[in-house]
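Asker: Sequence and predicted structure below; questions after.
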Amino acid sequence: MTDDQFLARAIELARQGSENGEGGPFGAVIVRDGKIIAEGWNRVVASHDPTAHAEISAIRTACAGSDHFHLHGCTLYASSEPCPMCLSAAYWARIDRIVFANSRAEAAAIGFCDDELYSELNRHFSARSIVMEHHPTAGALEPLERWAANPGRIPY
């Protein structure tokens, strides 16, 4: 299959999910070795979960099916450019490539504008619109130190 065919499937998932009232018009597929290994669509409304984006759903399905939390060798095809959360998840999953059909600007034109999120991420935590406070606490470092010292830990 080609990039166009994989994107067509992501777009079809976007169409189906939004027409079923499950969430916004976003779909995604993850491909490894020329085969779709996972699909996802936006289910924010149906699941009452603001993280239930198409890309996140596809990543969760792909990882569950591969018994690993890394997706090396995979391409994420998305009906629209991933939002900051989904892009971060793709980095955490170690996806090699992302191909998208609609740009951020095109999604923003219909009400899905992520510009403020991108701006927030570039601010120091003390300058963000969500109040964030660094509150050093006795014993807080201990779990981090124990994990770092554990020779059997699984890094990610």
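Answerer: Good, I have the coordinates.

Asker: tell me which residues form a beta bridge with I98?
Answerer: For I98, the beta-bridge partners are L76 (DSSP bridges).

Asker: That one reaches A90, doesn't it?
Answerer: Yes - counting by Cβ atoms under 8 Å, A90 is a contact partner of I98 at 6.0 Å. Every residue, glycine included, has its C-beta placed from N, CA and C.

Asker: Comparing these two, which shows the higher neighbour count?
Answerer: More crowded of I98 and A90, by other Cβ atoms under 10 Å: A90, with 24 against 18.

Asker: Secondary structure element holding that one?
Answerer: Assigned by DSSP states H and E, A90 falls within helix 84-92.

Asker: Against which helices or strands is that helix packed?
Answerer: Helices and strands touching helix 84-92, by 3 or more Cβ pairs under 8 Å, 6 or more residues apart in numbering; DSSP states H and E, are helix 54-66, helix 115-121.

Asker: residue contacts, Y91?
Answerer: Listed by Cβ atoms under 8 Å, 6 or more residues apart in numbering, the contact set of Y91 is empty.

Asker: what does the helix or strand bottoming out on mean pLDDT in the chain rub up against?
Answerer: Counting by mean pLDDT, DSSP states H and E, the weakest-scoring helix or strand in the chain turns out to be helix 115-121, with a mean of 94. Here helix 115-121 makes contact (Cβ under 8 Å, 6+ apart) with 83-85, 104, 108, 128-130.

Asker: Would you format these as a markdown table with distance to C74 and pLDDT included?
Answerer: Compiled in a markdown table, those are given as follows (distance: Cβ to Cβ, whole Å; pLDDT from 0 to 100):
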| residue | distance to C74 | pLDDT |
| --- | --- | --- |
| C83 | 19 | 98 |
| P84 | 20 | 97 |
| M85 | 18 | 98 |
| R104 | 22 | 96 |
| A108 | 27 | 96 |
| R128 | 32 | 95 |
| S129 | 34 | 96 |
| I130 | 32 | 95 |
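
Asker: out of the residues you listed, who has the most neighbours?
Answerer: Within those, most neighbours by other Cβ under 10 Å means C83, with 20 neighbours.

Asker: Which residues are in contact with that residue?
Answerer: 53, 112, 114, 117.

Asker: Columns distance to S79 and neighbour count on top of those, output as CSV?
Answerer: Output for the contacts of C83, formatted as CSV (distance: Cβ to Cβ, whole Å; neighbours: other Cβ atoms under 10 Å):
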residue, distance to S79, neighbour count
H53, 11, 25
F112, 11, 16
D114, 15, 18
L117, 19, 11
